[in-house]
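Q: fold the following and give me the result.
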Amino acid sequence: MNEFDILYFAPGLPSHGEKARAAFADGALFVNGRRVEVALSDIGVTLGGFNHDQLFLFWHQEEGRYAISPTDANAQSQLIDTAPAPLSGLLQVARKDASSKQRRSRVGLGVLGLVLLLPLLAIGVLMWKSHDIAGWAAGYISLEHEQQLGALAFEQATAGMKLREGGVDAAAIREIGARLTKGSKYAYRWYVAEDPAVNAFAVPGGYVVVNTGLIQAADSAEEVAGVLAHEVQHIERRHTLKNIVHSLGLRAALSLALGDIGSGMLGDVATRLSELKFGRELESESDRLGLLALKQAGIAPQGMVSFFDKLRKQESAAPPALLSTHPASEERMQALQAMIAELGNWSSQPLPYDWNVVKAAGK
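A: Modelled structure (predicted):
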């Protein structure tokens, strides 16, 4: 008698079954060596288990329902191989049905897993491509709405600052800026802020603020021109706008695109302007395009390099505010020099300012 391991289910036994041994002999089923008093034709076959991989033989007697199930694949094979007709035919059909159901189950689980994974993948893609998506969204914000946002955000961002558009230094900033932005779609406004911090910043729509601290730190008009050329490109390429959109989210981008600029959003924009930091890619783009603007304006490029290098050398202790948003690494200095070499020499004339006089007038 070729016995195999089973779980035995019977009235009075635990619901999870009881370990036992079974075998077929003389056209009958035996459990633990005792003949089951039921005709093989009255024994049914069904499938169970999470993956439909369990075979069950079941029958009914006066006491209730009985069943056996092989405990493992080896026992299942023994059951199928030793079962006499008509059970053998039923078991073969059940095994094929089990394979089919398992395939469907795997496909179903795969689809379910994909459905559950899709939101996570979508979030991952959004995070990975968030800046690209923000750039795409910013592209739908019209120039009119950008300027409207810029005007209101500028008012919020400069609240409490002492700004002026007059003075020798402010006139120099405005004149240099006009050369760098000739033909721009933006109507630029140039301001000097009475602030000793070495800093300059731009607001969407064409607003540029230069601190007196930066003017005093520069040794030439060309150095300031380099800073302005770089800063202007953040506006021309909409870097600041894209960063604001990225920071505020796509819902805010939709509001901006529709021109729905509420006071609550303005508060958020003002906060974001003070927190914005440009990544290496955007800084590199502003450097490259800033150099092109210097070339087009006929201004020598070395001022940009010398001023950022000057700031880089100061960052070992407490970096100037400008470095917190425009990090001037050694790598960046080398990249600037390489870009200048690539562009080649261009015709330039010294800017018509005695910068010491400009600085003295602004004190």
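
Q: now do the helices in the stretch 51-200 of the chain.
A: Secondary structure of the stretch 51-200 of the chain by DSSP state H, counting those that start in this stretch: the helices cover 73-82, 87-128, 130-138, 143-157, 168-180.

Q: any idea of the mean pLDDT in the third one?
A: Meaning helix 130-138. Regarding helix 130-138, the rounded mean pLDDT is 55.

Q: the helix or strand containing residue 202 pairs with which strands, parallel or anti?
A: Following DSSP states H and E, one finds residue 202 within strand 200-203. When sheet partners are counted by DSSP bridges, strand 200-203 sits next to strand 207-211 (antiparallel).

Q: starting at the chain centroid, how far to the partner strand?
A: 31 Å (CA atoms, centre = their mean, to the nearest Å).

Q: residue 22 in helix, strand or coil?
A: Look at residue 22: counting by DSSP: H, G, I helix; E, B strand; the rest coil, its state is strand.

Q: just the local confidence number for it, please.
A: At residue 22, the pLDDT value in this model is 91.

Q: what is the neighbour count of it?
A: 26 (other CB atoms under 10 Å). In short, each C-beta sits where N, CA and C put it, glycine included.

Q: what's near enough to touch the closest residue in space to it that isn't next to it in sequence?
A: Closest residue to residue 22 apart from its sequence neighbours, by CB to CB, 6 or more residues apart in numbering: residue 6 at 4.7 Å. Residue 6 makes contact with 19, 20, 21, 22, 31, 68, 69, 70, 71, 75, 79, according to CB atoms under 8 Å, 6 or more residues apart in numbering.

Q: just the CA trace of the helix or strand harbouring residue 6, in CSV.
A: Using DSSP H and E, residue 6 falls within strand 4-9. Backbone C-alpha positions of strand 4-9 (Å, rounded to 0.1, in the frame of the first residue of the first chain) are rendered in CSV as follows:
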residue,chain,number,x,y,z
PHE,A,4,1.0,9.6,1.3
ASP,A,5,0.7,12.4,3.8
ILE,A,6,-2.6,14.2,4.0
LEU,A,7,-4.7,16.6,6.1
TYR,A,8,-7.8,14.8,7.2
PHE,A,9,-11.1,16.7,7.7
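
Q: hang on, the earlier thing: measure the residue nearest to residue 22 to residue 170 for me?
A: Distance check for residue 6 against residue 170: by CB to CB, to the nearest Å, it reads 95 Å.
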